[in-house]
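In: Here you go, sequence then predicted model.
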Amino acid sequence: DAKTTQPNSMESNEEEPVHLPCNHSTISGTDYIHWYRQLPSQGPEYVIHGLTSNVNNRMASLAIAEDRKSSTLILHRATLRDAAVYYCILINNAGNMLTFGGGTRLMVKP
Amino acid sequence: NAGVTQTPKFQVLKTGQSMTLQCAQDMNHNSMYWYRQDPGMGLRLIYYSASEGTTDKGEVPNGYNVSRLNKREFSLRLESAAPSQTSVYFCASSEIRGRPLRNTIYFGEGSWLTVV
């Protein structure tokens, strides 16, 4: 399975946009880019996913590079409740061994 | 909707004791997973089951066994618990094959295990 690389931690001010990067240089053509987040003392939860085009939902936006070797999760206005660990993982229909890296710990300052 | 249910939520074991963590999902998913998460660390895959009747090792399988009892249930067993197995354990399920647009992973709330 292709691996992803994310910064260990990032800080943001409340109500400012946050851009969380993810590198996946060995991504294959059938890999979907997924983002999950884990709030303190909870299991991870789905945020967003995409294949080639940028995606938007009520939680966030996902910007995918043209060569698909990197992506960025965008939180348009960070709130204190967005403080969490954010994981970027690759999923395809062939593979079932879903591995998570260390993720990015997002800290939001009031 | 229950989603993914894990039991127990908290457990303290003595070194050498055995125990089984139970996991059940009500979404009719084929794939199920067990992860462990040590303090301040990411998730590490212990075992997974792509479908009923099959199980495979993940990144850190040593010291654990699993059973895919039926499509709903996937249990994780510690035969002889060690302090190094103190961790939070998460069960997850997904339906990846054949549904690329809806292959979301659903996690349980976690089981906090302490081995003394």
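Out: Sure, I can see it. Numbering: from 1, shown residues only, chains lettered A, B, ... in the order given.

In: tell me the secondary structure for B:Ser84?
Out: Reducing the assignment at B:Ser84 to three states with DSSP: H, G, I helix; E, B strand; the rest coil gives helix.

In: quick one: contacts for it?
Out: Listed by CB atoms under 8 Å, 6 or more residues apart in numbering or on different chains, the contact partners of B:Ser84 are B:63, B:115. Where you see a C-beta, it was placed from the backbone N, CA and C, and this is true even at glycine.

In: any idea how far it is from chain A?
Out: In this structure, B:Ser84 and chain A are separated by 19 Å, where distance is defined by CB to the nearest CB, to the nearest Å.

In: hang on, A:Ile52 packs against A:Ile64?
Out: No Ile there; residue A:52 is Thr. Yes - taking CB atoms under 8 Å as the definition, A:Thr52 is a contact partner of A:Ile64 at 6.2 Å.

In: Neighbour count for these two, which is higher?
Out: Counting neighbours by other CB atoms under 10 Å in any protein chain shown for A:Thr52 and for A:Ile64 shows that A:Ile64 has the greater number, 20 against 12.

In: Contact partners for that one?
Out: With contacts taken as CB under 8 Å, 6+ apart, A:Ile64 has the following neighbours: A:33, A:50-55, A:71.

In: got it, and A:Gln42?
Out: Taking CB under 8 Å, 6+ apart, we find A:Gln42 in contact with B:109-110.

In: The one 10 residues further on now?
Out: The neighbours of A:Thr52, taking CB under 8 Å, 6+ apart as the test, are A:64, A:68.

In: for it, phi and psi?
Out: phi -130, psi -40 (degrees, to the nearest 10).

In: Tell me, what's the model's pLDDT at it?
Out: Turning to A:Thr52, the model gives it a pLDDT of 91.
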